[in-house]
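*Asks:* just coords:
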């Protein structure tokens, strides 16, 4: 037995007080002898004996009361078998509140509720002067009452999914007191690397909160076969379903909604830890963005049963031809997907260049300084520039400066033969080249290829589109800023190439335009993303300096995210309070600019978690500072910690029981 405050034992000296009182109360009776009073003398002897016993009982009661008071202040207890480093310092607590904690535990309550109960009971295992640091609440130096209130207020959110980051954040406090981690310990977010990063000088207690085993079908991803969404056209929407549970999901009802209308319904079975891809046909009847969703009837895990995304018809791709004469009008103007405009080599309206998706600089006799600067700015903002060189020798210097400013690298001009250009055949492109996906079919793979006489040569490029048969590049791409620069090795006029008359010309020029298209926004975002980027129409005219900011609105909730504009792109930091999935409208000055869909991180839907035995095996025998507690029905984590690290107060029974 050990005393918490042994100096109070000095108070045992107060036992001398009742002893002294007892001694002073003793009286010696005087003897008076009378005749014929034998019977009376016997009665007096009995009364004196009783009086003596009564005095002794009072003395014992006084001594016992004083001893009890002294021991009460000294607080004797039975010491624990393991010494605890915790005194009156800071106790760290991490309570996982990721979406996966919403699933039911084995006691028919959610795993998060079980964790809240266990974490709330921790102050019973520590002195009243202890302070607590709580994550994800982000609060530290809390007293026991404030800590318990903060724990009760924790709710599941889609923004907190990385348990490893919480562990590193808590360890930055450089505390030496114990750390308790309450989590379901998903294998997707907790691994051996997380164990290696834990502080070896700190007591860490991992508390796995078990959940019920079962299936969990959820939407892994959705996509369209066509990169360009067109209004009024049947679109093939592919849906990949995944089962993140340990049991197969049988006959799950799946419904697809476009706006408020149900577009499709199907029944799918997904094996455990497998994926199944299905497809449905949808049609957009409106030019505005449509709020779409996929709903799955899957129980008891239901936090990820709805996947939200948006579909919006693609805007026209702006193509600007920079040449003395227009030759690409028939190529692009007849296709509704493109918006074509011809501008001379000495344009007066540079804004059309900056607003274009694809700029085709075709055989310009000279390139002015202003044109070079605006081409560079357009590429920096994300546009694509196609450079078709001129055969005029005097234009080589201006083209060389343009290549240098666009970051193309070293470009060499080939000497021209006095007998005229010699045409060579272009090699058949590789079938694995993604640029030519769906361009060639089995029927035309052996068709004749165009011929050209290259006048340019470069050492290397990031994207090879077409090559000559001798291995020299004919068409290649170079990344520049946020855009791409494509360079032809020969002019398109008939003396240097017959590519403009070849059937391959149309799909190549179309693909160059499509490669320049940049989606204004993604179909869906994750709640735990730190930043999202949006390319909104005419964003360069919108200024954040006029006290009009962008807001994210859902029903009665309004969030003002941290926002900034860079190069025509709006960057928004996802607000910390944005915790629930769904559709949020992006508004500016009361007008809706876009509709954004947010979902949980799909890693949360993979329910594979470490059991207590697996966690102990993961920790291993070389990390004695890390202990794994298994909360049971008979004893809380606080009771377990006190029994093994603090000890039991003398006379306490069943401490910490439920």
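*Replies:* Sure, I can see it. Everything quoted here is computed from the prediction, not taken from an experiment. Residues are numbered from 1 along each chain as shown.

*Asks:* all helices for the stretch 201-350 of the chain, in order.
*Replies:* With DSSP state H, counting those that start in this stretch as the criterion, the stretch 201-350 of the chain has helices at 329-332.

*Asks:* scratch that, the stretch 401-550 of the chain
*Replies:* Applying DSSP H, counting those that start in this stretch to the stretch 401-550 of the chain gives helices spanning 505-515.

*Asks:* isn't residue 559 right up against residue 576?
*Replies:* No: applying Cβ atoms under 8 Å as the test, residue 559 and residue 576 come out as separate, 9.1 Å apart. Quick note: C-beta positions are derived from backbone N, CA and C, even for glycine.

*Asks:* between those two, which has more neighbouring residues?
*Replies:* When neighbours are counted by other Cβ atoms under 10 Å, residue 559 and residue 576 differ, and residue 559 comes out ahead with 16 against 13.

*Asks:* show the contacting residues for the more buried one.
*Replies:* 551, 552, 553, 575, 577, 578, 584 (Cβ atoms under 8 Å, 6 or more residues apart in numbering).

*Asks:* quickly note the distance from it to residue 580.
*Replies:* As judged by Cβ to Cβ, to the nearest Å, residue 559 and residue 580 stand 12 Å apart.

*Asks:* before we move on, back to that, hmm, which of the contacts of residue 559 is lowest in pLDDT?
*Replies:* Of all the contacts of residue 559, residue 577 carries the smallest pLDDT score, 85.

*Asks:* need the per-residue pLDDT for the residue nearest to it when sequence neighbours are not counted.
*Replies:* Spatial nearest neighbour of residue 577, chain neighbours left out: residue 559 (6.1 Å); criterion: Cβ to Cβ, 6 or more residues apart in numbering. For residue 559, the pLDDT comes out at 94.

*Asks:* all strands for the stretch 251-400 of the chain, in order.
*Replies:* Using DSSP state E, counting those that start in this stretch, the strands of the stretch 251-400 of the chain run over 261-270, 275-282, 290-297, 306-311, 317-322, 338-343, 358-362, 384-388.

*Asks:* right, and the ones you listed - which one's nearest residue 9?
*Replies:* For the strands of the stretch 251-400 of the chain, proximity to residue 9 was assessed by Cβ to Cβ; strand 306-311 is nearest, at 65.8 Å.

*Asks:* what does the closest one contact?
*Replies:* For strand 306-311, the surrounding residues in contact (Cβ under 8 Å, 6+ apart) are 218-219, 222, 224, 229, 235, 258, 282, 284, 289-296, 521, 523-524, 581-583, 595-599.

*Asks:* equivalent analysis for stretch 422-431, please.
*Replies:* 435-436, 440, 445, 449-454, 465-470, 474, 496-499.

*Asks:* same question for stretch 49-66.
*Replies:* Applying Cβ under 8 Å, 6+ apart, the set of residues contacting stretch 49-66 is 11, 12, 14, 15, 17, 18, 19, 21, 22, 25, 26.

*Asks:* buried stuff in it?
*Replies:* 59, 62, 63, 66 (16 or more other Cβ atoms under 10 Å).

*Asks:* any chance of the residues you listed in CSV, plus pLDDT, secondary structure and distance to residue 314?
*Replies:* Shown next, in CSV, are the buried residues of stretch 49-66 (pLDDT from 0 to 100; DSSP: H, G, I helix; E, B strand; the rest coil; distance: Cβ to Cβ, whole Å):
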residue, pLDDT, secondary structure, distance to residue 314
59, 78, helix, 100
62, 79, helix, 95
63, 83, helix, 94
66, 79, helix, 90
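
*Asks:* rewinding a little: out of the contacts of stretch 422-431, which are buried?
*Replies:* Buried among the contacts of stretch 422-431 (16+ other Cβ under 10 Å): 435-436, 440, 449-454, 465-468, 474, 496-499.

*Asks:* among the residues you listed, which lie within strands?
*Replies:* 451, 452, 465, 466, 467, 474 (DSSP state E).

*Asks:* need the max-distance pair from these.
*Replies:* Most distant of these, by Cβ to Cβ, are 451 and 465, 16.5 Å apart.

*Asks:* out of the contacts of stretch 49-66, who's nearest residue 131?
*Replies:* residue 11 (30.2 Å).

*Asks:* OK, contacts around that closest one?
*Replies:* So residue 11 contacts 66, 69, 70, 73 (Cβ under 8 Å, 6+ apart).

*Asks:* which element is the third one on?
*Replies:* Spelled out, it's residue 70. Assigned by DSSP states H and E, residue 70 belongs to helix 38-74.

*Asks:* centre of the chain versus that helix, how much separation?
*Replies:* Centre-to-centre, helix 38-74 and its host chain are 75 Å apart (Cα atoms, centre = their mean, to the nearest Å).

*Asks:* cool, stretch 558-570 as well?
*Replies:* Here stretch 558-570 shows a centroid-to-chain-centroid distance of 19 Å under the convention Cα atoms, centre = their mean.

*Asks:* sorry, back to before: just send the contacts of residue 11 back as CSV, with distance to residue 319 too.
*Replies:* Below are the contacts of residue 11 laid out as CSV (distance: Cβ to Cβ, whole Å):
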residue, distance to residue 319
66, 100
69, 94
70, 95
73, 89
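
*Asks:* derive a ChimeraX selection command for the buried subset of these.
*Replies:* Buried residues within the contacts of residue 11, by 16+ other Cβ under 10 Å, are selected in ChimeraX with:
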select :66,70
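
*Asks:* for residue 291, name its beta-bridge partners.
*Replies:* residue 310 (DSSP bridges).

*Asks:* next up, the contacts around it.
*Replies:* Contacts here follow Cβ under 8 Å, 6+ apart; on that basis residue 291 touches 259, 308, 310, 583, 595, 597.

*Asks:* quick revisit: okay, the strands of the stretch 251-400 of the chain in JSON lines with mean pLDDT next?
*Replies:* Below are the strands of the stretch 251-400 of the chain laid out as JSON lines (pLDDT from 0 to 100):
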{"stretch": "strand 261-270", "mean pLDDT": "94"}
{"stretch": "strand 275-282", "mean pLDDT": "94"}
{"stretch": "strand 290-297", "mean pLDDT": "95"}
{"stretch": "strand 306-311", "mean pLDDT": "95"}
{"stretch": "strand 317-322", "mean pLDDT": "93"}
{"stretch": "strand 338-343", "mean pLDDT": "91"}
{"stretch": "strand 358-362", "mean pLDDT": "95"}
{"stretch": "strand 384-388", "mean pLDDT": "95"}
